[in-house]
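Peer 1: All I have is the shape, not the residue letters:
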């Protein structure tokens, strides 16, 4: 589903129409918000995908609450192409820029909230996580996701002050989440491969 | 295929176009039927997906009748984005609301009928289900799907009396099908994991 | 890829626009060629998918010719949504019906030709098929695909005489290919499951 | 993700609209750049897919740099439907042909650069490749990708001189990459199957 949402992003960029005397090159340059939106959302969905995949390797059981929150989370991820298109359409338009960036960062914030709830529910008291997992790893992951969510909420608030700063924060967040995870997480995996 | 149909739902929501003096925020609020349609169909396809997946774990054999009914069932599932878009377009329009909701609930009713036929064919006389499956579990599942189908047909009929009540019933049904399944079903799975 | 092509078919059906005094129901009925096109192409891609899947279970080796013909075959399958949309648009239009049906049946004929070439290349002299496969099964499959291809070519020719007859033949072909395969094919599979 | 990008290509071809007295056949013939764009991009994505799949079978470890370059590479692949649509729209239009072909070949060149960086990083000093892999195979692969990338860059430069020559080179490149790989690569695989 992540693969589909990430690939659908390109459909939202329409081919520009230009007459004989216009410049296709200028029209394509003019479309830069679409490329920017595509790149940011691709990066965001990509990192969300990797985090979802890695955390579900730690979650060894499942129950209906987990499944339900997961459905709400996936509903947010699959929704991302819409605010991305909105962002691309209105980022150049001073009158509507704030609204577009707020909707975009707001969607990411809600997505982050559901992901963090998913993790807090699964990891709290080792509810759905194997007892053998190092508690310091769980704490590190919890810290990572709670902090990340707060930053996405900050990006939403920033949208009303400075849309550019809000987008910059979102890009920085995506790049941080691409960085190596805390040590413990990799040890776990090495062990699971070695065992 | 479920993953693709569920992700395609977002494509049907177009970015609103608003002039310099319009309010993008109001236009986005005005699009609420699109978000509602997206959320309901996402929930419906999600629960149908889970039920299809879980029931096919009980079905251990396959024949051409099963495959053919399954194709018709999948044809209905992949069709859902169309009545969803119809619902979103006309739910605010008093003159066409009844038709849109009837087509939407009717599509879900037909989908439910094919799913129930699939199950009745496979489970009847243990035709394609393993002998080791508890008969009371089969009966519980049959009851669940026959009742569910009757409710979807009721939602279709309700559409002509009160479109809002019809949609409310559909949401309630989706939420009920997210709830835990009858006990036996989980026992089976625990055993299959333990064995 | 089959799953994606089959699910994309629904995107080609646009929601009808109707004013306050029009009838949405009539507009939806008027769209019947779209539903017909959707159903036929869904059935066709579905049966092609099953045949491709089943034959590749017999093919135990691979080489670059097989891969290349397979790419051309998949290129045809992924193309099917386009002639389907064409068919839906022009089937009611007497002036253009013949062209639309000819393009549609022609696409299916070319697809069938590539599939049959794939099979003839792989099965000829047991080139890429395991020696343990019953020769009478290979012959039955070859007969099935050569005959099927001839029928699709016939459907293409029929389009110029009677578009309706051409479409009817295509539906009949899809239904025939859903029917049980020759005995040997199922024996093979039972053995491979039993062994 | 490759499967989705390759199947989405068909969505970019719109059904032509023609009045009662126009010729649908002529309109369809007139769409030849769309078919050409579809076929070339299908071939290109198909061969990129196969190469990506085969090289990742040699890469036995992973790190964050590899993952990050891979995300950038996939971002380029998922972008290809856009310049393909651009190419189809403007290839007949003398005023804009050069721009369209330059954007198309430029996208492929950037995609090739990221793929080659991916390979050079993984294969250099056996960083992420198993020690048991024959060094001459690694060298052959490196030669293949560096040369291929230079050819794609040449196609980009050629676009400004002769768009037709640029496209011809791209088609030739796709066909070359479909051809058998150097001997060693197949030995490796035979061994991995035999072991």
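Peer 2: Perfect, thanks for sending it. On a predicted model such as this, the values are computed, not experimentally measured, just so you know.

Peer 1: okay, CA-based contacts and neighbour counts for the rest of this
Peer 2: Will do.

Peer 1: which ones are touching the residue most central in space within chain A?
Peer 2: Geometric centre of chain A, nearest residue: residue A:44, 3.8 Å, by CA atoms, centre = their mean. Residue A:44 is in contact with residue A:174, counting by CA atoms under 8 Å, 6 or more residues apart in numbering or on different chains.

Peer 1: How confident was the prediction at it?
Peer 2: Residue A:44 carries a pLDDT value of 87.

Peer 1: check which helix or strand covers it.
Peer 2: Assigned by DSSP states H and E, residue A:44 belongs to helix A:32-58.

Peer 1: go on, residue A:158?
Peer 2: Residue A:158 belongs to helix A:135-161 when assigned by DSSP H and E.

Peer 1: ok and that helix relative to helix A:32-58, angle-wise?
Peer 2: 160 degrees (axes from the mean of the first three to the mean of the last three CA atoms, to 10 degrees).

Peer 1: buried stuff in helix A:135-161?
Peer 2: Across helix A:135-161, burial judged by 16 or more other CA atoms under 10 Å in any protein chain shown covers A:137-138, A:141-142, A:145-146, A:148-149, A:151-159.

Peer 1: Residue A:27 touches residue A:16, doesn't it?
Peer 2: Yes - checked against CA atoms under 8 Å, the pair residue A:27 and residue A:16 is within contact range at 6.6 Å.

Peer 1: Where does pLDDT dip in chain A?
Peer 2: Within chain A, the segments meeting pLDDT under 70 span A:179-195.

Peer 1: which residues in chain A form strands?
Peer 2: Under the criterion DSSP state E, chain A carries no strands.

Peer 1: the helices in it, which residues?
Peer 2: A:2-8, A:24-30, A:32-58, A:64-79, A:81-90, A:97-123, A:135-161, A:163-178, A:183-194 (DSSP state H).

Peer 1: Could you dump these into JSON lines with distance to residue C:61 added?
Peer 2: Listed next are those as JSON lines, based on distance: least, CA to CA, whole Å:
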{"stretch": "helix A:2-8", "distance to residue C:61": "29"}
{"stretch": "helix A:24-30", "distance to residue C:61": "46"}
{"stretch": "helix A:32-58", "distance to residue C:61": "33"}
{"stretch": "helix A:64-79", "distance to residue C:61": "38"}
{"stretch": "helix A:81-90", "distance to residue C:61": "41"}
{"stretch": "helix A:97-123", "distance to residue C:61": "44"}
{"stretch": "helix A:135-161", "distance to residue C:61": "45"}
{"stretch": "helix A:163-178", "distance to residue C:61": "39"}
{"stretch": "helix A:183-194", "distance to residue C:61": "30"}
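
Peer 1: Residue D:125 is nearest to which of those?
Peer 2: helix A:183-194 (22.1 Å; CA to CA).

Peer 1: neighbours around the nearest residue to residue A:95 once chain neighbours are set aside, how many?
Peer 2: What sits nearest to residue A:95 in space, not counting adjacent residues and going by CA to CA, 6 or more residues apart in numbering or on different chains, is residue B:20, at 6.3 Å. Around residue B:20 there are 10 other residues, counting by other CA atoms under 10 Å in any protein chain shown.

Peer 1: With the one 4 residues further on instead?
Peer 2: With neighbours defined by other CA under 10 Å, the count for residue B:24 comes to 22.

Peer 1: Could you pull up the residues touching it?
Peer 2: Residue B:24 makes contacts with A:96, A:99-100, B:16, B:18, as judged by CA under 8 Å, 6+ apart.

Peer 1: how does it look with 7 Å?
Peer 2: Contact analysis of residue B:24 by CA atoms under 7 Å, 6 or more residues apart in numbering or on different chains lists A:96, A:99, B:18.

Peer 1: Got phi/psi on the first one?
Peer 2: Read that as residue A:96. phi -120, psi 0 (degrees, to the nearest 10).

Peer 1: Enumerate every residue touching it.
Peer 2: By CA under 7 Å, 6+ apart, the neighbours of residue A:96 are A:90, B:24.

Peer 1: what about it, distance to residue D:69?
Peer 2: Here the criterion is CA to CA, to the nearest Å. By it, residue A:96 lies 34 Å from residue D:69.

Peer 1: Residue A:59 now?
Peer 2: Distance of residue A:59 to residue D:69, given as CA to CA: 28 Å.

Peer 1: and if you look at residue A:8?
Peer 2: Here residue A:8 is placed at a distance of 21 Å from residue D:69 (CA to CA).

Peer 1: Tell me how many other residues surround the nearest residue to residue A:62 once chain neighbours are set aside.
Peer 2: Of all residues not flanking residue A:62 in the chain, residue A:128 sits nearest, at 6.4 Å (CA to CA, 6+ apart). Per other CA under 10 Å, the neighbour tally for residue A:128 reads 18.

Peer 1: got it, and residue A:94?
Peer 2: Using other CA under 10 Å: residue A:94 sits among 10 other residues.

Peer 1: Ok, the one 10 residues further on next?
Peer 2: Neighbour count for residue A:104, taken as other CA under 10 Å: 27.

Peer 1: Same check on the one 4 residues further on?
Peer 2: Residues contacting residue A:108 under the criterion other CA under 10 Å number 25.

Peer 1: residue contacts, it?
Peer 2: Counting by CA under 7 Å, 6+ apart, residue A:108 touches residue A:152.

Peer 1: same thing but 10 Å
Peer 2: Counting by CA atoms under 10 Å, 6 or more residues apart in numbering or on different chains, residue A:108 touches A:41, A:44-45, A:76-77, A:79-80, A:83, A:102, A:149, A:152-153, A:155-156, A:170.

Peer 1: sorry, back to before: now the residue nearest to residue A:95. Its backbone dihedrals?
Peer 2: According to degrees, to the nearest 10, residue B:20 has phi -60, psi -30.

Peer 1: quick one: is stretch A:69-83 near chain B?
Peer 2: Yes - using CA under 10 Å from any CA of the partner chain, stretch A:69-83 reaches chain B at A:71-72, A:74-83.

Peer 1: In CSV, list the residues you listed along with neighbour count and distance to residue D:116.
Peer 2: Below are the residues of stretch A:69-83 next to chain B laid out as CSV (neighbours: other CA atoms under 10 Å in any protein chain shown; distance: CA to CA, whole Å):
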residue, neighbour count, distance to residue D:116
A:71, 18, 38
A:72, 18, 39
A:74, 20, 33
A:75, 20, 36
A:76, 20, 34
A:77, 24, 31
A:78, 23, 31
A:79, 24, 33
A:80, 22, 31
A:81, 29, 29
A:82, 20, 33
A:83, 22, 33
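
Peer 1: So between residue A:8 and residue D:69, which is more surrounded?
Peer 2: residue A:8 (24 against 17).

Peer 1: Nice, that's everything, thank you.
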